[in-house]
Every structure is written in C-alpha cells, then in structure tokens.
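Asker: Sequence and predicted structure are below.
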Amino acid sequence: MEVKLLTEHYGKAEFQSLEGYKKIGDGYETLKKALKMQPKEIIELVKASGLRGRGGAGFPTGMKWSFLPENGEPRYLLCNADEGEPGTFKDRMMMERAPHQLIEGMIISGFAVQSKKSYIYIRGEYKDSLRIVEKAIREAYDAGFLGKNILGSNFTHDMDVYSGAGAYICGEETGMISSLEGQKGQPKLKPPFPALKGYLGKPTIVNNVETLAAVKYIVRDGAQAYRKNGTEKSAGTKLFSVSGNVMKPGNYEVPLGYPLKDLIFNLCGGLKPGRKLKAVIPGGSSAPVLTEPEAMRATMDYECLAQMGSMLGSGAVIVIDDSNCMVDLLNVTMHFYHHESCGQCTPCREGTGWLHKTVASIASGHGRLQDIQLLDRISKNMMGRTICALSDAAAMPAISFVNKFREEFEFFVREGRSKVKGEGFRHAQMHH
Amino acid sequence: MPKCTINGKAIEVKPGTTVIQAFKAAGVEIAHYCWHPGLSVAGVCRLCMVQIEGQAKLQIGCNTLVTEGMVVNNTSEPVKEAVKWGLDFHLINHPLDCPICDQAGECGLQDQYVHFGKYDPEMAMPKQKKHKVVDLGPTIVLDTERCILCSRCVRFTDEVSKTNELGIFNRGDRSEIGTVENKPLDNNYSLNTVDICPVGALTSKDFRFRQRVWYLKEAASVCTGCSTGCNVNVYYNEEGAWRVKPVQNEKVNGYWMCDKGRDIYKFVNKEARLQTAKVGSKDQWRLLEGGQAAKDVGDSLRQVAKTEGADKIALVVTGQYTNEEYDSLLDFFNGTLAVKNVYHWVNNPEDMTGFDGILFRGDRNPNTAGLKARLEKRGLKSDWLDLEKKIKAGAYKYVVVAGPENNSVFPDLESKAKMMSAAPHLVWLTAAKSEAVDSATTATYQIPLKTFIEKDGTYTNHVGLEQKVKRGTTIVAGALTLSEAVSLMSGEELDFSLRPKPLTNLKTNFFTAKRGEL
Amino acid sequence: MSIVKRPKVESQWYLPAILSGMALTFRKLVQNLLHKDRLQTLNYPEEKYEYSPRFKGNHVLTVKKDGSLRCTACMLCATNCPAQCITIKAAQHEDPSVEKYPISYEIDILRCVFCGFCEEACPVDAIRMGPEWQTPAISGSNFQNDIQQLAYRANLKGGVQSRLDDQERHKAGI
C-alpha cells in the first residue's frame, strides 16, 4: 500500500506555487509552529522520529545534527539535490512538484541547527528544477518566510541555489562542498568531518532533499506519528524510484519495510507479459544486485537489505528481467563509474578504468576466463581503500554481478556472445 | 605525549603526530607517494595503509593521528596485500619506459616495487594514452603518462612557492597535471617540483638526458649561491658535477632550495675553471704551476713589505671563501706582513639585504657574515672608495685579490678588474677563469683555487649559523685552496697529508656491485 | 700440501717421442696431399671461416623501419659493460614518441672483451653482436667505432632492422 505523506499533492500542478501550497497543503504553518519551539527540541524530535538520511548512507539525521560544535562559528546547511545515482529520480520530482515543501523543511532544519545560510546544490542537468526552485525561493522571500527575522521571530535565514556541472562525485557531501567552494569537485579527506569543518572550513550539515522535506512532517505531526510508518529501525516512508522492466515505472512512496515483491508486482504492475524476473538492483546502480529469489524475500528497509549484502541506497529500484544480459549491464555500469571517478585516489582512478576495460573486453567477446576472477579481485581491492565511497560504488556491483551471475560471464567468454539475446537495457535507463 | 607501538616497537611521540610520522620516527619503512613532510596531507595514493588494532578497516597512515596506546603495524597480510594492489593500481597505466626515463635509479615506483611489490602484473588491457614531453616552462618538462597524480607538485606551488601555476585537469584516469592555458611554470622554486616528484613525470631541462643517476655520486655540501646557505647534495662523477639537490635542514632551508642555487654546480666544472696559474698580462700569458706561482708571489710580497712597507700592498677579499681560509689569509697579510689595507669587495651593495620571503637572499655570497666578523675582530675597516682613490694615486704596488669563484653573481667583475689592474702588480686568486682578468694590462699573476666542493671548511650564513662543508671530489687537480696558496706565499711547503681525503661513503654502482646476480 | 711430480726417467729418452711426432707429421702430409678436401687449415685471409650466426662478434646497432637508430640511449649496455668500452651521449628527439636518442654512440673495440653483456642488457634489441669477427684497422682511432660504423657500415647493406617496432607497440597499447 502506498502511504502518501510527502507525495500527497504531487498530482496537482498548482502545488508548485506558493499560492497552491497554501491552498491545497497547509502552507508554511509548520514553520510557524517550529519557530515557536526551541532548536534543541526540534533536534530531539528528529532524533526521536528515527529519521535516517535518504541520500544513500542512511545515517540518523538527528544524530548528524547533534555533532555540530558549540563554538559560535557560522554554520551552513546544504541541501544535496545533486541526484546523480543512476536510477534515482525522486529528488527531481520533489523539487519540481513541491518546491515549497522542501524550502519549508529546510528553513525548519536551518532553525534547528541554527544556521543563517543554506544552499540547495542542484544537479547540473536539472535545468527545470533549478528554475522552479529559484522561483519558489523568490516567492518565499516575498512572503517573508526567508530573510531577516522570519515571521517576526529573531531567526534570520538566507537560501540560495547552486547549479552543479553534472559530476556524479559532487553528490558526495565533501565533493559537493568542494564544488560549492568553487574548487574542483573532489571529496575531501575525513576526518575532519563536515559537521566540524565543512563549507569554507565552517561546521556544515549536508542533507538530502527527501530528508529535509520529511523534517517538515515530523515537526507537523510529531515523532510518534512519523514512526507509525516503517519498521522499528527504519522509520517513516520513503520514495522509491522504480525503473527498468516494469509496466509502470515511477516514484512510489511506501513505508520502509515494504516487501520488494509487492512494490514490483502490485504497485508497478509487474513485468511485461511473458518475462521472468531475473534480478533487482534495490538502491541505485552502486548497490549490489539481488537475484530473483533474494528479491522475492526482500523488504525495503535498511536492515533487511544490509543483511542480504546489498543496501537501500537512494531507493532506486532497477528491475531486470530475463531479456537482459548481465555482462552488458555491468559494462554500462562500469563505463559510468570509469567516467565519473574524480581521479583523486589511485585505487579508484585506475581501478574503475581497469574494471571497465576488462568488462568491455568480455562484452566484446575478447575476454579470458581469468578476467572474471580478476574482476572480483580488482573490486575487492578497491573496496574501502579510498577517500569517498565511489570506489566501493563501482566495486560492489562488479562483485555481485560476477559472483551471482558467473555462469553468464563464463558463457560469454567461452562462446564470445551473450547468453541472453535481448534488447539493450542500457539505452533505456542507465546511459545519460 | 602519546605512546604507541609500531610493528611491535614502542615509541613515544608528540601530540598531533600522524601515524606515518611515527613510522618515520621509529625508523620503520612505510610505503607512500603523496605524503611529503613539507607539504599538506592529500591522502590520495592510498599506499601508507596500516592496520590499527581494534579497527576492522585499514587506515591510511598520513591522515590518522596517533592516539594513546595505539598499536599499529604495516606487516600484516591485509596491509601487504593492500600495498601490493596499491602499487599495481599505480602501475597499470604507467608507461614503464624506465630505460628512457631520467628518474630511473631514484624512482619511487621502482623502489616501492622492489620493497613492497614483486608481483606478476595482471593488467592485459591497453594503457591510457596521455600527453608526453609537455614543455611546462623554462626549467621543466612534463610527461603526463608517467605521472601518478600524487599532487605533490600542485601542493608545492600552492603552499610553498604560492604561485599556484599547476593544477590537475580532467577526471578519472584521464587526469593530467598542467597549467592554465599553457601559462609557463616559471618561478624561482620550480625545480623543487622535480625533486618531490616521486616518478619521472617532471624532469629538469637542465639535467635531462645528461647522465644516468647511477653514474653519479653525491656529496653533502652547502649552497654557495646566496647567504642563506641551504643544505644540498652535489651530484658528481669523474667528469665533474652535474646537479644540486636540497637536503632537509629545518634550521636553514626546510626541504627546499631555489632554482638559482641549483646553478652552482656549473662554475665548479672544468670549462669554467682556471686550470693552471698564469703570469703576464693581456695576450701574453705564461702558464706555470699554481704552487710555483704562489711561491713567486709570496717572495715578491715579502720583499715589498720589508723594503717599501706593508702600505704598498692592498688585499681585496670577496665573501666567497670559508672561515678557515679567511683566517689563514688574514693571518699572513694582516699578521705576518702587517697589511692594514684590507678591502671587502661587495658585489651588489644595493641589494645586499634583499630577501624573497622564502629562501633566496640578495647577498649572493655564502660567507659575507664570516668575512665581516673576521675583519671586525682584527679592527680592519674596509672603504672601497679609498681603494679606488689610492690605486689611482699609485699608492699601491701590489693588489692581491681573493676573487669570486662564482663569476656569474659578480656583475661588476669587469669594471672592478679593470679598476684594479691600474695598479702596477695584480695578484688574482680565483677558481674561475674570466675574460676580465685575462684582459688585464698590468703585470698579473692568476692563481687557480679550489671550489666549495673540493675543500673542507666552514661557511657562516646570514644569521650567523656556521655550517661545515666536506670535500667531495677534485675537479681541477692543479688548484690550491686559499689556505694552501697563502702558506706557500708565506714560504712554507705544503703538507699533502693534511689534505682532506675524499668522501668514503660513496654510493657504489648497484649494477656493478650486483653483476652476475641480476 | 702440494704434491711435487718429479720427471720420470723415461721422459729423458727423447728419441721415441721425436719419432712418433715425425710419424704423425708425415702421415698428415701424405693425407693432405691425397685428400685436399679434408684439410684442417684455411688459407687466411684469402679464405675466411664462416662462424655460426650466434657467434658474438662485432657489434651492430639495429635500425627501425625508417632507417633511424633503434637505440633509446638508456645506457644500460654502458652500465653493464665490464670493460667500460661503451660511451653514449643522449639527446632529446623532436618526435615525442621517440623522446630520447643517442647523438653519439662509441665502442672502443680494443677494450671490448666480446662478452655480450651489452646485448643482454639491451631492453629494445638495439645492439646485437654479429658474426663478423675481423677488426683490423690502420690507426688507433679506427678502433673507436661510431654510429656510422656500428649501424651503417657497408657490409650491413643499409642496416639490420630491429624486430621490435615502437609504432606497433604503441598501436598495441603497450
């Protein structure tokens, strides 16, 4: 069953404007409520709600906020709208259908962490989102929800948008901070973490669009109401971007813990007639792939997927039916990571290229049997050896593809052709 | 003071020490490329992997602080495997053109491979092609294929020279070092990037292809290019000196030296040197042994001092000699002969106190401070105008000059030499041959001296720090040190057993020593 | 302790040895007169002995397809040479794919001990030791073999082509 909390009014075009947001939704009423609370109270509320980061890592949001040092330095709140994970398109919809919902959530979050300035870092390709969010911010300024002494309180907050240049790595929080600072978009060494030294060397909180939007509903309804949905450890609802070989791809908001099987076969209308489910990537292209029996058992929450060796990630569910060649798919995925590696750390810079070249040689029929083993070994030696997680993001699909669909790779090497002759999957989804 | 254990060795370090620094302090070898003690931490080569007890994941040593009771090792199997693979990742797109690479023999990749690698490479794919032989500026050539993108050079131009010329362009394995719009890398510290480059990506135009490094021996010395006195290694072989590289000394130069200082090897080589003594004047020079010339000069000087008085002799000294040489020079002239007319030849009086904020100083003599201290001690006051006036007036019969060994930093050499050759007799003690002295019209003795690399001695730098230099090699066998020349002048014979022996800690040629085993 | 072998008495009877020696001489004389094709000697220098192609004789510097020197001036041969008879001066080539090449390559053939270490040390098949073995010359300076002599002497007929080719290696991505 879908639970429409964030996406309640997404079908209505007028929800985009401030007027519509006030008319259909509850306007900025929650902000008024929040400004009457203590910032600490809001942080405690978010902690109690069990909200976890919706960008990929699933780190508890309230905990992240409480890491900020009490040293009086200016703090920054950054909204990560650089949605680069192949398969994900939820943030775009959230920005384009309900920009005010995000802005309200951000002002509340900004108040909670006592930040005077926030930025929305929007992915370079999202031209429409940029235009819509900019317009919404202007409306919010005009209505007095942003700027000096918001709604008569002594809280001052400014908001700005920043358009990225289309690099995947700028979706990584420190990469995004570098880019925002005007430097080459490369992740920074941790420690120090952004909560201590982030944007311009000041304490910085980076949250995903969905996380910040959800804050609004937590403040509006309270932590217990939010917790009604989801499981004990994975509370609330989550948007899943379902793509691939399903009849009705799209964004679906369901409570966490929802069975993957129901998501694919009930909400998304199942596969094309006559096709069989082969595999599902549950959390964006960097998540390890699930085989069909695993996918049938899986529930969409952080714990279950982690237990299965995969991850919830950004919630991009890519459904793969039996018409797809896994070698081909891995080739496209590796091409993406080879292209997007920032080139800073050696294992990732060289490893992604090596993986891509090796898979490409298998996919072109020139592979050797030892290459399959080699793919696995290269990947395992890229895992956890770099500053950011891009190396892991490239290694995890490679390891899971090679180990779970080994016979397909071996067939390709032996016969020089794909075991499954199907229409290409790559042009539909994965290739920008 | 946190205590930690490194490969089973207990060590106490200062708070704020990183694990890699603790390894260095404990004298334990650890693989690394991007970390450099004089630069910020980049943490990109991922080679300094260590295993910290109680932590599941391997950590990089350069960005991990030592905490109390930390137990670290880099000898466990996971670390070895990680370092091996780290090297493999560095090498898969490396062109492996060691035979034509100038870095071969002192290359980080070669060293680390021998220490930590020794695996069979598995890369079977075509290598990434990038730009080769990129002209980066007047001093440096770049090969982007050899580059391992450790970013040391970029950090150097950002943090030390603060000129920000270099950057990394493009992404992933297409990344290349470069400058914006081909703006040249042109600053007085550019060659430090060649030193810190762990591979052969940045090579010095001056040294490129001229020698293989394993033919060279190194001698620790002090740069004589200016009064900072940076600690250096001079690389030489039987043909002469070939290059100069800085040696770390926190008190003087840190890890760096300037490009101008690197030219000091040029004036010690034979082609720039006065090989034998010469007597005569313009176009009529007679060659003779340096020792004989010194004896002849000494005889005449003592004669003049005895019969006509020491006032007939003037001594001109430059700031280019060692303290020991000044002592023996002044002992003879001021002590034995009682010469009071001692003049300090300042090569660039208007810029003597100049300083570029990093290392380079306007006083381009290694030992001005030492000379001044010695003149002061003997109560000798130098007044250059007085010399000019008296020479013009014909007050001096003999002008003895302890001239510059590095002519290139004496822009006034020609005019001063001309002025001094107005005296009836000129005695020019110097290591360098010079047109200006060769065209002297008066009766002149030129006596060949040794350069800083051929003698033992002490230089006093601009803050008064005394630094010893040791003899490395002999380039002009017939040359004398100033002390030797002076003792011959005073009528003593030389005791060659007192001459410093050449350095014994010479690098043996690896290939020759290991012949048959390779 | 060394054992001293004293000459036996028999060795002083020299006549049998002389006679047996003369017998061998006369037997060979007769054999050579009757079977000229079985002669053990050559009429040098009119007749010359042909050594096997693997004989380590005079050095040859190989050339590339375009006739330029294969040598990259890495100096490994000079480093490895036990007689230190190889002198190389390197320079930068205009073509960045060549980069380094020798402007002077000299072998002092009188110092050379023909050990073949140079050939073994060469990473690019640039120096080989060929089957030629005569090194006569009139003056001392003629023994200082230069590039002209090592790579392009008349009896090499335009040079020996190396089996390694840079262009092909670059194409193969090596």
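Answerer: In hand now; what should we look at?

Asker: Show me which helix runs longest in the chain.
Answerer: I'll assume chain A. The longest helix of chain A (DSSP state H) is helix A:346-363.

Asker: wait, I meant chain B there
Answerer: Assignment by DSSP H gives helix B:290-307 as the longest helix of chain B.

Asker: Relative to C:Asn142, how far out is the residue nearest in space to the middle of chain B?
Answerer: Centroid-nearest residue in chain B: B:Val232, 3.7 Å away (criterion: CA atoms, centre = their mean). Per CB to CB, to the nearest Å, B:Val232 is found 44 Å from C:Asn142. Yep, even glycine has a C-beta here, placed from its N, CA and C like the rest.

Asker: go on, B:Leu166?
Answerer: Taken as CB to CB, the span from B:Leu166 to C:Asn142 is 52 Å.

Asker: Same check on B:Leu413?
Answerer: Separation of B:Leu413 from C:Asn142 (CB to CB): 46 Å.

Asker: Which one's more surrounded, these two?
Answerer: More crowded of B:Leu413 and C:Asn142, by other CB atoms under 10 Å in any protein chain shown: B:Leu413, with 21 against 13.

Asker: my read: the more buried one touches B:Thr430, true?
Answerer: No: with contact defined as CB atoms under 8 Å, B:Leu413 does not count as touching B:Thr430 (10.0 Å).

Asker: shared neighbours of these two, anything?
Answerer: Taking CB atoms under 8 Å, 6 or more residues apart in numbering or on different chains as the criterion, B:Leu413 and B:Thr430 both touch B:Pro404.

Asker: okay, the longest helix of chain A in CSV with CA atoms only?
Answerer: Only the C-alpha atoms of helix A:346-363 are listed here, as CSV (Å, rounded to 0.1, in the frame of the first residue of the first chain):
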residue,chain,number,x,y,z
THR,A,346,44.7,5.8,-7.1
PRO,A,347,42.7,2.6,-6.5
CYS,A,348,39.5,4.3,-7.8
ARG,A,349,41.1,6.3,-10.6
GLU,A,350,42.9,3.3,-12.0
GLY,A,351,40.6,0.6,-10.7
THR,A,352,37.4,1.9,-12.3
GLY,A,353,39.2,2.1,-15.7
TRP,A,354,40.6,-1.3,-15.3
LEU,A,355,37.2,-2.8,-14.4
HIS,A,356,35.6,-1.0,-17.3
LYS,A,357,38.2,-2.1,-19.8
THR,A,358,38.1,-5.7,-18.6
VAL,A,359,34.3,-5.9,-18.7
ALA,A,360,34.3,-4.2,-22.1
SER,A,361,36.7,-6.8,-23.4
ILE,A,362,34.5,-9.6,-22.1
ALA,A,363,31.4,-7.9,-23.6
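
Asker: how far is that helix from where the chain is centred?
Answerer: Centroid separation for helix A:346-363 versus its chain: 24 Å, with CA atoms, centre = their mean, to the nearest Å.

Asker: Hmm, C:Glu132 and C:Asn155 touching each other?
Answerer: Yes: between C:Asn155 and C:Glu132 there is a contact at 7.1 Å, judged by CB under 8 Å.

Asker: beta partners of B:Lys217?
Answerer: Applying DSSP bridges to B:Lys217 gives these bridge partners: B:Tyr236.

Asker: Check the gap between it and B:Thr368 for me.
Answerer: Using CB to CB, B:Lys217 is found at 30 Å from B:Thr368.

Asker: Among those two, which residue is more densely surrounded?
Answerer: Higher neighbour count among B:Lys217 and B:Thr368: B:Thr368, with 24 against 20, using other CB under 10 Å.

Asker: State the phi and psi torsions of the more buried one.
Answerer: With angles defined as degrees, to the nearest 10, B:Thr368 sits at phi -60, psi -40.

Asker: Now for the closest residue to it other than its chain neighbours: which residues touch it?
Answerer: Distances taken as CB to CB, 6 or more residues apart in numbering or on different chains place B:Gly319 nearest to B:Thr368, at 3.7 Å, with adjacent residues excluded. The contact partners of B:Gly319, by CB under 8 Å, 6+ apart, come to B:Ser227, B:His344, B:Val346, B:Asp363, B:Asn365, B:Pro366, B:Asn367, B:Thr368, B:Gly370, B:Leu371.

Asker: picking that back up, name every strand pairing with the next helix-or-strand element following the longest helix of chain B and say which way it goes.
Answerer: For helix B:290-307, the following helix or strand on the C-terminal side (DSSP states H and E) is strand B:313-318. If you go by DSSP bridges, strand B:313-318 pairs up with strand B:342-345 (parallel), strand B:398-402 (parallel).

Asker: now, of the ones you listed, which is deepest in the fold?
Answerer: strand B:398-402 (a mean of 25; mean count of other CB atoms under 10 Å in any protein chain shown).

Asker: Could you verify my assumption that B:Ala201 touches B:Ser151?
Answerer: No: contact criterion CB under 8 Å: B:Ala201 and B:Ser151 do not qualify, at 11.4 Å.

Asker: of the two, who's got more company?
Answerer: Ranked by neighbour count (other CB under 10 Å), B:Ala201 and B:Ser151 place B:Ala201 first, with 26 against 23.

Asker: residues in contact with the more buried one?
Answerer: The contact partners of B:Ala201, taken as CB under 8 Å, 6+ apart, are B:Leu142, B:Asp143, B:Thr144, B:Arg146, B:Cys147, B:Ile148, B:Ile177.

Asker: Relative to A:Lys47, which of those is nearest.
Answerer: Checking those against A:Lys47 with CB to CB, the nearest one is B:Ile148 at 44.7 Å.

Asker: hey, which helix or strand in chain C has the poorest pLDDT?
Answerer: helix C:166-171 (a mean of 68; mean pLDDT, DSSP states H and E).

Asker: and A:Lys238, helix, strand or coil?
Answerer: strand (DSSP: H, G, I helix; E, B strand; the rest coil).

Asker: Could you check how many residues crowd around residue 381?
Answerer: In the absence of a named chain, chain A is used. Around A:Asn381 there are 20 residues (other CB under 10 Å).

Asker: oops, I was thinking of chain B
Answerer: Neighbour tally, B:Lys381, other CB under 10 Å: 12.

Asker: For it, which non-adjacent residue is spatially closest?
Answerer: Nearest non-adjacent residue to B:Lys381, counting by CB to CB, 6+ apart: B:Leu375, 7.7 Å away.

Asker: what sits against that neighbour?
Answerer: Residues near B:Leu375 by CB under 8 Å, 6+ apart: B:Leu330, B:Val342, B:His344, B:Lys381, B:Ser382.

Asker: want to throw the residues you listed into a markdown table with pLDDT?
Answerer: Below are the contacts of B:Leu375 laid out as a markdown table (pLDDT from 0 to 100):
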| residue | pLDDT |
| --- | --- |
| B:Leu330 | 95 |
| B:Val342 | 94 |
| B:His344 | 94 |
| B:Lys381 | 87 |
| B:Ser382 | 83 |
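
Asker: residues in chain C within reach of chain B, list them.
Answerer: C:72-76, C:79-80, C:82, C:90-92, C:96-97, C:99-100, C:123-124, C:172-174 (CB under 8 Å from any CB of the partner chain).

Asker: coming back round to it: C:Asn155 and C:Glu132: which has the busier surroundings?
Answerer: Using other CB under 10 Å, the more surrounded residue of C:Asn155 and C:Glu132 is C:Glu132, with 15 against 7.

Asker: Which pair of the contacts of B:Leu375 spans the longest distance?
Answerer: Largest pairwise distance in the contacts of B:Leu375, by CB to CB, is 13.7 Å, between B:Leu330 and B:Lys381.

Asker: ok, and the closest non-adjacent residue to the closest residue to chain C within the stretch 201-350 of chain B?
Answerer: Per CB to the nearest CB, B:Phe209 is where the stretch 201-350 of chain B lies closest to chain C, at 4.2 Å. Spatial nearest neighbour of B:Phe209, excluding adjacent residues (CB to CB, 6+ apart): C:Ala90 at 4.2 Å.

Asker: Bridged to that neighbour, which residues?
Answerer: Going by DSSP bridges, C:Ala90 forms beta bridges with C:Pro102.

Asker: returning to what we had before: tell me which helix or strand the residue nearest to B:Lys381 sits in.
Answerer: If you go by DSSP H and E, B:Leu375 is part of helix B:368-377.
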